[in-house]
Each structure stands twice: as C-alpha cells, then as structure tokens.
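**Q** Sharing a model that was predicted from the sequence below.
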There are 2 protein chains.
Amino acid sequence: METLRELSLSQIKVTGGMLADYQKLMVEEMVPYQMEIAKTGGELDTLRRAAGYWTEERTGPEQMSDFGKLLEAAGYSLLLREDEGLRRDVEEIVSLLRQAQLADGYLHPRMVSKRPADRFLSLLMSHEMYALGHFIEGLLACAEAGVPGAQACAEKIGDCLYERFGRGPGQICGYDGHPEVELALYRLYRATGKQEYLDVMKFFVDERGQCGEGHPHYYDWEQERNTRKFGKPVLGDLARWADRHRPYWGRYEYFQAHAPARQLTEPVGHAVRATYFYCGMADLAAETDDAELAAACRRLWENFQRGNVFLNGSIGQEGFWEGIGRAYDLPNDITYNETCAAIGLFLFAHRMLRMDPKGCYGDQMENSFYNTVLAGTGLDGRHYFYCNPLEVWPDSLYRYDKMHILSRRYEWDSVPCCPPNVARLLGEIAQFTVLAREDGLWVNLYGSVRGTAQLACGEIPFEMETRYPWEGRVRFCVQGAGRFALRFRIPAWCRKWSLRVNGETVDAPTEDGFACVERDWQPGDCAALELEIVPRRVYADPRAYHLANQVAVMRGPLLYCAEEVDNGPLLSGITLPEDAPLTERAEPDLLGGVVTVSAPARKLAQDGGPLYRGEPPRREDITLKLIPYYAWANRAEGEMRSTFYRG
Amino acid sequence: METLRELSLSQIKVTGGMLADYQKLMVEEMVPYQMEIAKTGGELDTLRRAAGYWTEERTGPEQMSDFGKLLEAAGYSLLLREDEGLRRDVEEIVSLLRQAQLADGYLHPRMVSKRPADRFLSLLMSHEMYALGHFIEGLLACAEAGVPGAQACAEKIGDCLYERFGRGPGQICGYDGHPEVELALYRLYRATGKQEYLDVMKFFVDERGQCGEGHPHYYDWEQERNTRKFGKPVLGDLARWADRHRPYWGRYEYFQAHAPARQLTEPVGHAVRATYFYCGMADLAAETDDAELAAACRRLWENFQRGNVFLNGSIGQEGFWEGIGRAYDLPNDITYNETCAAIGLFLFAHRMLRMDPKGCYGDQMENSFYNTVLAGTGLDGRHYFYCNPLEVWPDSLYRYDKMHILSRRYEWDSVPCCPPNVARLLGEIAQFTVLAREDGLWVNLYGSVRGTAQLACGEIPFEMETRYPWEGRVRFCVQGAGRFALRFRIPAWCRKWSLRVNGETVDAPTEDGFACVERDWQPGDCAALELEIVPRRVYADPRAYHLANQVAVMRGPLLYCAEEVDNGPLLSGITLPEDAPLTERAEPDLLGGVVTVSAPARKLAQDGGPLYRGEPPRREDITLKLIPYYAWANRAEGEMRSTFYRG
C-alpha cells in the first residue's frame, strides 16, 4: 500500500507563527530546564553508574523512558538551533549509553546497574522495553542531529530485541507491559531498512494478548514462573492491577493484553499504553498491507471518536488507572486527561493519516495539539499539567487529589512523563504539517513552514505562510515544477472556505476532507486558501450525559474557556444565550498574544440567601470573556470552565 | 434551662399513616431479617464466646456497635408488638451480655473474648466505647420493653466508664475515636438520675481535643505509648488516617479531636463521628446550662445549614473519609451521603430542638427522615443503601466504586451500620413527633400518634391524626383539661396554612417557626391545622456550584426524582420550563402508594449524530414523571436524577 510519508526534519522546518513561538520556547526553556533536572534529579547519575562510574542511584525504571524522550527532544533542539553546551551534554549522554550498553546490545541503565541478571524477567511492569523504545527514538533523533555513535547504539538495542524475542528456542515469547517499543522499532526499520527490526516489531504486535490451550497468557506464565523461582512476581502483581480497575475491566486490559491485536474493538485500559500500541498496529498494518490489522485500527479509531474524546482532544477519563472510561462518560471536572494520552492519540491519528489519507485524522491532531498538548505546558515552559480537566470548581483540588487527578501546573513530578513528551512533539511538529506521496502533497496541519518534497515529478520545494490558528489565510507557494496534486485539509469545523491559485479562484473538489488542486505547477505558483475562522458554538451528542444542555465555544481549532480572573467566581452560574453574538478581539499583550472571545451572557447573582429557596436566584447580565483553553492557568489560580448552560 | 423533653415510648405511640406502615415494616421485616443475620453472621457467636461458651469468632470491633443498635431496635419492636420468639432472642442476648460482662462492668464482647488485657489500649480506633455506648442504648430500650437485667447491665457499663476515665490518679485521660458514648451516657443518666454518668459524659466532652504544653494530645500519647510498648500503634495508625484525608484536613479532624468542643466552628471530618459528638455536646449544654458549649453547637448547626446539607437532608460528601466536605460542594452524583450520617444530623437537630425550640430543627429532621433515612431502606425492608446519591448516571457504578461510594441497594455489607440504625430510628420515631415542656406541647413531626403528656396544668392525653406527608391536614385533639400552649411547627417550605380550633379559625402567631395557640383546653377540643402541600420548585444558592441553573421539585417534605423506568434514559437532557405546571396524582398501587408529580418538560432527542456538532441537539416534548425520592431504586435498575436544568 502506498502510504503518505512525512518529510524528514532536515527537509521541513517551521519558519514562523505560533509553531515557531512554541519551538523557541522548547529550545530556550523546556529542553534546558529539563536537562538541568535530569542532571540533578538522578537520570544522569543512573546512567553514569550503568556506564561504570559509580554514583548513587535515584530513578525508577519507567523514569528512564522519560529520559529517552528528553534525549529525543534534545536531538530535535540541536536540529532547530545549534547549541554547544547542549551538544556536549547530548554527546556525553550518548557516550555513556554506549559504555553502559552490554555486549548483546541490552541497554536499560537501571537494570544494567542494579540487576543485570534480572533483565526481561518481569515484562509486566519493568517498563524495560518502554524505556528501550524511547532510547531508540532518542538516539535516532540524535543521529539526525549528527551525534556520533547514536545510530549504532540504537541499532544494537534493536539487535538485542531481535535476538532475545520471538518464538524460537531460547527466545522469550513475551512483550512489554507498556507498549512503545513497537513504534520505535518501526522507526528504526525505516531509518535503517533492516528487516529484522520490522520482524521483531511484528512479533510484538502479533504475540500480544495471545493465549489458549497449551499457550498460557504470557503474563500469567511470567507471574507463576517468578513466584515459583523467587517467591513473588518480582515487579508488578497482576492480581493487584486487575483489582485496581475492577469492576470495569478484566485482568489484562490495563496492559493492552486482553486480546490479540486483530481482534481489538473498543479502546480500553491505560490510555497511553493503548494509543502507543495502536500506533505500532497502524505502522505494521500500513507497512505490511495487513487488511485485518488495518480494520482493527479503524474500529479502534471510530470507537474513540464515537464517545471517548473530550472537547479539548483529550482522552482517558480515569485517574485510578490513568485510563479510558466508558463511551459518553465525559465529565469535565473529575477527568484525568493525561497530556501524554493526548499525544498518544495525536501519534495514532498521524499513523491513521499515513495509512488512510483523510481529513478527520488531521482534525483530531490539531484538536489534541492545540487544546491538550499546548495546555499541558505553561507559557513559561517550566510548569506542566499532567491532567487536563475542562472545568475546575472552587476547592476542587482536594477531590481531584483523592481521585489521583493532578490539578495544578507543577514544576516537576515523580513521574515526569509529560514534559519531555510535549518537548519532543514540539521539536518534530514540522513533519506533521505537510506530508507527501508520489503523486502530491498533503497539507495536514497549518503553520508557517519551508520544505522540500521528492515527488514522482521531481523535487518540489515549497513554502507555507499563515497566522493560523488566529487567522485562516494560508499561502502555499511552490518553487519547483511538475504535475502533482496539492491537497489542503478542510477542517470539519470550517463552514466556509475558498481556494485561489495565482489569484484565480479554483474549483477544488474535496475528498475525504481534503480539497485537491491537481495541475502543472510552476516555480512561483501560489495557492491561497482562506478558511473562515470565527467563533462558533459546539454542542455534544445527548448521550454525552455530562455535557447535556451545555454549549462550548471554539474558534478555528481552539477551544475557549472562562477563567475566574476574567469573570469572577461561580462560573457554573453562567448561561450563554443561544442568540448572543460572539465577538472576537485580538489582544497582543494578553497571554503571549491571543484572540479572545466575548459574549453577552447571564450569571446567577450571589445574594447571600439560604442554601435552598422557593424562588430562583436572580440572574445578572455579564460580558462573558473567554480565552483560548490552552492558555489557562497562567495567571491567578481559580475556577475555570469550558462549557456553559444554554440560555 | 428548661428544655423540651420527649415523651417516653410508653407515653406516645404511632397509630397510623406512613409512620405506622414503616413501623410495621420494621417489626415484621427489618428486625427479624437483621436478627437472623446476627445469628448466622457472627455477632451472637462472638457474644457466646465472650460469655464463656466457645465458638468461632467472626466479627470486627465496630460491628458489635451495630449489634447494639439492633438490640435497641429489637427492644422498640417488643414495645410496638409483643413477639415470643423475638423476646426469647433478646432475653438470651441480654443474658449472654451479663455473663460476658466483667466484674468491673466492662463489656465489649470481642475484647473480652479475644484480648481481655488490651481494653482501652487503642482508643483511637478500637471502637470500644462506640460499641459500649450502643450497648447502653440497646439495653435501655430492652429495659423499657421489660427485659430482665437489661438496665443493671447498662448501669454496670456506665459504672465501669466512670471508674476508668477521668483526670484522677490511675484513670485514663482519653476518649473514644468514634464518639457516641457521650449521648448514651446522657441517656443512661436520664434513665437513672445517677450523677456519675453525667460526670463521665461531661469528662469525655470536655477532654476531647485538649492538648498543650505538658498535656500531649491523647492520641499522640497513645500511639507513642503503644509503639514503645508493642512496637506498633496496635489498632489504627494516626499517620495513615491523617494521610487519608490530606490535604483537606489535619491530623485529628477525622476523629473529631482537633480542638476542644467549645472551640469548634465548622463541621469537619467523619460525618457520623461529628454528628454523634455534637449530640453529646448539645445534651450537655442543655443539661448544664453551658452557654459556651451551646454557642458552639449553634455555630456548628448554622455552618451545616449554610452549605453542607443536600436537598435530601443528607450530609457527608466524601467517600474517602466518609466525611464532611467543603461548604457548597454538593455534587449530586459522586457524593457519599451515608444513611447513618443523616441519622446523626436528625439526632443532632433533635437535641438542638430540645435546647432551642425552633421550627428549623424539625424542618431538618423531617427532611433527613423522609428523604434519606427512608431512602436508605428498600420498600421490602431487606435492601439498604449505605450511600444516598441524588443522581445516578448510566454506568456510574464503576466510578462510584472507585470513590468508595456504594451505589446499589445491598442485602448486607461488611460494615452493616445503617440497617439497624434505620430500624431503631423507626422504632422510636413517635417520641420525635410531639414534645413537651411544663407550659405546653410542641408538635414537631406530623404523623398519626396517640399520647399523654405531663404538663404543669396536669396530665394531658392527646391524639393526632393526619395523612401527612401526602396531605397537609392535621387534626390534634386534646382529651384533658388545662391552660397550656399548643404549638405546631409551620415548615419553612409551607407558603399557606391555617389553624382552626373546634371549627373556628384562630389567630395563631408564629414564633421561631411554631404557630402557637394558648388557651384553656377542654377534653374533646380539636385543633385542625391545614398545611398547603402542593408540588413546588426548589432552587439552590448560586454558591452551591454543582446545582447552579438547576431546579428540584418537592412536595411537602418530600423530594421528588425522575427514574429511567418512567422517563427513559439520558435524564441529564431534561429541562423543566419555569412555567410548566406541576400536576400531582395519587397512585395507590405504585411503590406502596405514593403521590406522583408530572410536568410538561423537554428532553434532548437522541439522534445518532456525531459526538460534537455545530447545531444543538433537538429537544422533544415529554411528560416528566417524578416519584418521591425515598422510593427510588425499588423497580428496575437505571438512571435517577433529582434536579433538572431550568428551561
């Protein structure tokens, strides 16, 4: 199957606008800040120890995966802007990784230093391959940035996995409790062309969740073996985890191991594990033209869309297992909505887009990106949200805390998975904007970028300029010559758009959410897309029972919300009349420069009356002021609300 | 201070109506069912073992307190209707209790049998005096029912506590982690007139929460002593409990030991512990004319009323510590609202009424009684709710479960505290209806009763007849002669009422929520009170942010709710227009005979559309059918909702 392919980060660069602002924040604040924490917080010490330089050890097993993501972000940072100090750090890290790597390629710093004999002993909860996968991705990013030895180190990890895992004699017929290595191995395969990485990745996808007569479930077998050998399951007690999500899920769902990949239907269990695994599934389905696997991916996608995605593109309601809840159960307040889970959904959508070039995937990518990924980071690049509720009541902190929902921007956390995940996504965001196929270009996300694509007709340099998401005007100029189709995603939310080429309106038929102009392009030809971006109301399916009789306001891809600092307290008393005009206003000095939306609305007036009464509380006229949701919690602490009662 | 006093259960009896129906259920179903469970579930075995007859032990320490409540209910049951088999059981229980009682009066069956040396060692969590208090209450009820030896056994418990607790040499200067014994000792004092029971009760009230230089907090001292002596705190780890309600409360709040009684302001911590302790405080304040303590009681009451009582008279939002949450934080769905906590509030209101004869206390008593106590029991008397949410979403069970909220009527539970609590309250309900003071009668709760009160003017037999709460007509006839004031509570919800005596309208001034007729009453004089009982809308203070823009329907004291079985699914899509007429209808064959309320309303129509859309979902006209909330969950399982969006 010919799939869309992204351009490499040397082929496409962000040149301006909001994406450039965030990449600047990533290069100047996020990566340096996080690297500093890695230096003092234990990750580098762990690495030095594994490399033979003794120091105290201070990291949990899964934490090293976050370090892998940071390494990836650092690689992108070097691609975006050379920095001597950062390059020195990265080179040292890669050098330490290579020293720590065992002869067979194994490289989990914590396992190497602490329990070399224990490797691959507790796949259920060791997070070994989860970390190894992120190391592969990080090393490949560093290789792209020219760090010596990085690619070789990544390949040795891949070789180790290929040797150790499979159905052959002496191999381990198991898979990691936290999927991720599948997509990393696929990336390694794409970077090297070596079939064995695809083979072992395919083994992981195929074997997961298999069991039957004469073939015990791997995790049961592992728990039994360990208990027999060591008197305990070693890492992770399956029964305890099953209990944690009882009565909602069964024994294996949290780990995405309840059924073979091709039989999956409903998204379940731990949200990040789920979406990362679906990425691997989609990668494999597209690469091997596996119709059955592709059908499973499409089912999972549709069931996500049916009732499990929040207005802000978040997924994963449940704090108790960081996981996916029931369809249509979308509480704005007591929801988990981990930043990483939205990134997982973004990455899954990207794989679906590569396989099935449809606009709906890009719609989800921009929704998750603008409204959760960006919201997960403070405007200073140094404060983060693990969870992304759409509504914060007064004093709600204490309840969130008990539901395992972290509800404040934090400076750092004991499981710092989200910050480097946001940083690496910002670093590679250019490659999600314009994708290519032999026959043309697909403009998926709008932003100012400059790139070059190799099409059947030849090499086509191009440049896109836009103030998106603030404005809907997109100028796309071609600097090469050849006949190809140029396709623009027309977002589902966009009610009015037009397309001109060299000033002339063209008739661009839309198919699967993309408007297409096929022609003989000449250097200097420019397409001008105009997407109408105005504030609009959004309503939910009545089955989304928490959102019944409520209305949200969006503008382009951005969700809007009200904060107490602008609107006073008790935001739940607001009704937004159906006919109230929504007025937009550019405010360059607010929150780094945003477009706000205001509307005449009504709010219950505090009257100091008794708790219950026979007369309805008086409503007073207010001007409701809304800011983009991604920018919330950057001023005073207080209430926030992103839906309002219909007036 | 001259306080109101209740009539003893031999002086006042329920004669008909809804209260009689529930007493019949209590006598015929609840007590026999619960007694059967006590026989097979371990309580009686524990007792036999403590009495020297060896059997296997099967109960937790707090469970024996529930057995004490059952004993109390059984005593009332015998007072209501003689039953040979039940009397035999009760006599056996009292006889076993007396055999188990140690020479000094100590009588915790589990402690006696299992760890006689450990008594009073871990006041923090042993629940010893909590159980002893309930035994005192149970034994006094049995004594009233003529069970031999019951009162003596209760007095010996009181003697034991008086000897062991206090500030004297060799005494324990501590108090139970679960208050209750205070009000039980006060009851014992009232039954016997013996000053020492009042003294030790006063000691418990005064000492609680005391600490300072040279006077460590008792629980800290106890934990330290036990850890030093036994290497662990023995029962209950204070740090663990403090952690459980972090960051909301401090170290001692759960146990109601964070400040001396007279300094308390806000209701906090475990809801049952709180209200039971406030009962003791109010008893002591009234008995000893302690103005400082009375002021503390009034503060706690007012702060409860300000923002912590649910529409159904429930309290205690938090499942994680079965406790009280922040004022105005009244979520209909994820609330704990333990049945026992509403009973605690009822009992506290009763004490406040005795001290300050005001209608607001009776208003709360009837609200908690009709809308939580009754709701806590299925119409068959054999199914119970531990928690009383006001709203149940589809599939909400899994989330409730994780928040420690039990959301189904259960047949029995490992902590069966609520069922016997409901049973005993039903058994003694008559004494909360009409209270007396030297100068008159106070009709506090409406129901058909017959009684006799000793007033200054002489003995006054009386009879009240009413179909309350279904109808507001109350006929109160006096069978004695004398000048006294007859007062009727005019509920705050009642907008229209009239009072006639012997057919003539009288001018009855209301004071503190009571309408008063003072006159020379003659035998056969009848007062006819007519309270308008029609369906009405109820709104919440806008500060109650979960209830903003919503409306509830009540009729008389009864809260109404919609069930899925009557209204189809997705109840959250309902709006109730402000001008929709509320039509009532008596349905004698429904749910044991109820008045239902219906109204034209609108509901979002399921259209199978996408999860999010630019057009609001269509609303369709429906007839909203409401049943009394207390009767919910007696038919098909499904959604329930007791507030609706204002249309």
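**A** All right, it came through fine. Numbering: from 1, shown residues only, chains lettered A, B, ... in the order given.

**Q** contacts and neighbour counts: CA atoms only from here.
**A** OK.

**Q** for stretch A:550-568, which positions count as buried?
**A** A:550-564, A:567 (16 or more other C-alpha atoms under 10 Å in any protein chain shown).

**Q** er, stretch A:218-227 actually
**A** Buried positions in stretch A:218-227, judged by neighbour count with 16+ other C-alpha under 10 Å: A:218-220, A:222-223, A:225-226.

**Q** now do stretch A:137-154
**A** Within stretch A:137-154, judged by 16+ other C-alpha under 10 Å, the buried ones are A:137-147, A:149-151, A:153-154.

**Q** now, which of these lie close to chain B?
**A** Residues of the buried residues of stretch A:137-154 in contact with chain B (C-alpha under 8 Å from any C-alpha of the partner chain): none.

**Q** Narrow those to those in helices?
**A** A:137-144, A:150-151, A:153-154 (DSSP state H).

**Q** Tell me which two of those residues sit farthest apart.
**A** A:Glu144 and A:Cys153 (13.3 Å; C-alpha to C-alpha).

**Q** burial of A:Pro610, as a residue count?
**A** 12 (other C-alpha atoms under 10 Å in any protein chain shown).

**Q** what's near enough to touch the closest residue to it other than its chain neighbours?
**A** Spatial nearest neighbour of A:Pro610, chain neighbours left out: B:Asp541 (6.4 Å); criterion: C-alpha to C-alpha, 6 or more residues apart in numbering or on different chains. Counting by C-alpha atoms under 8 Å, 6 or more residues apart in numbering or on different chains, B:Asp541 touches A:606-613, A:617, B:548.

**Q** if you set the cut-off to 7 Å instead, what comes out?
**A** B:Asp541 makes contacts with A:609-612, A:617, as judged by C-alpha atoms under 7 Å, 6 or more residues apart in numbering or on different chains.

**Q** mind listing the helices in the stretch 401-550 of chain A by residue range?
**A** For the stretch 401-550 of chain A, helices defined by DSSP state H, counting those that start in this stretch occupy the ranges A:418-427.

**Q** how about the residues of it near chain B?
**A** A:537-543, A:545, A:548-549 (C-alpha under 7 Å from any C-alpha of the partner chain).

**Q** could the residues you listed be laid out in a markdown table, adding pLDDT?
**A** As requested, those are exported to a markdown table (pLDDT from 0 to 100):
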| residue | pLDDT |
| --- | --- |
| A:Arg537 | 98 |
| A:Val538 | 98 |
| A:Tyr539 | 98 |
| A:Ala540 | 98 |
| A:Asp541 | 97 |
| A:Pro542 | 95 |
| A:Arg543 | 95 |
| A:Tyr545 | 93 |
| A:Ala548 | 95 |
| A:Asn549 | 95 |
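
**Q** What about those, which one has the most neighbours?
**A** A:Pro542 (29 neighbours).

**Q** Please name the nearest non-neighbouring residue to that residue.
**A** A:Pro542 sits nearest to A:Ala548 (C-alpha to C-alpha, 6+ apart), 5.6 Å away.

**Q** That neighbour reaches B:Thr575, doesn't it?
**A** No. The criterion here is C-alpha atoms under 7 Å, and A:Ala548 misses it with B:Thr575 at 9.8 Å.

**Q** got the domain boundaries for chain A?
**A** Structural domains assigned to chain A are A:41-207, A:252-430, A:433-531, A:535-646, following automatic domain parsing.

**Q** next one: the third one to chain centre, how far?
**A** I take that to be domain A:433-531. 25 Å (C-alpha atoms, centre = their mean, to the nearest Å).

**Q** Kindly report the residues of chain A close to chain B.
**A** So chain A meets chain B at A:247-248, A:306-307, A:398, A:537-543, A:545, A:548-549, A:570, A:572-573, A:604-606, A:609-617 (C-alpha under 7 Å from any C-alpha).

**Q** Distance of A:Ile315 relative to chain B?
**A** The gap separating A:Ile315 from chain B is 14 Å, by C-alpha to the nearest C-alpha, to the nearest Å.

**Q** Any idea how many residues pack against A:Glu620?
**A** With other C-alpha under 10 Å as criterion, A:Glu620 counts 12.
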